[in-house]
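**Q** Sequence and computational prediction follow.
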Amino acid sequence: MRGIGDIRGFVRYILHESTKKDVHITLAGDVIPFGSDECINDFEERITDACRQRDHAPRRSDTREHYNALLRSLRRAKKSAIRSRGY
């Protein structure tokens, strides 16, 4: 059974997590705000690189399928970053 102290700690943890700003880690390892211009540019560079790699893979290969899945994920993340800007 949890005591009052455990519940207070849990509530503090939840409040702390809810006030965190979303961040994005670039390929260079920099931590930047999610949705910033730099963040969106990083996603675009990643997408360009993944497209280049995918295009060199043989059609219907596991490698090409892997890059297609990666591209779906990157495009979804970029769309979310753009939406988080509010415009």
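**A** All right, it came through fine.
**Q** Surely residue 57 touches residue 51?
**A** No: the pair residue 57 / residue 51 is not scored as a contact, 11.0 Å apart, by C-beta atoms under 8 Å. In this view, the C-beta of every residue, glycine as well, is placed from N, C-alpha and C.
**Q** who touches both of these two?
**A** Common contacts of residue 57 and residue 51 (C-beta atoms under 8 Å, 6 or more residues apart in numbering): residue 67.
**Q** ranges for the strands of the chain?
**A** Counting by DSSP state E, residue ranges of the strands within the chain are 23-25, 31-33.
**Q** Other residues contacting the last one?
**A** Put plainly, it is strand 31-33. So strand 31-33 is in contact with 21-26, 38-39, 42, going by C-beta under 8 Å, 6+ apart.
**Q** ok, residue 57 to residue 37 distance?
**A** 31 Å (C-beta to C-beta, to the nearest Å).
**Q** What is the burial count for residue 80?
**A** Counted with other C-beta atoms under 10 Å, residues neighbouring residue 80 total 13.
**Q** Which one of residue 57 and residue 37 is surrounded by more residues?
**A** residue 57 (15 against 11).
**Q** ok, now which ones touch the more buried one?
**A** Taking C-beta under 8 Å, 6+ apart, one finds 63-64, 67 in contact with residue 57.
**Q** Could you tell me which of those are located in helices?
**A** If you go by DSSP state H, those have 63-64, 67 in helices.
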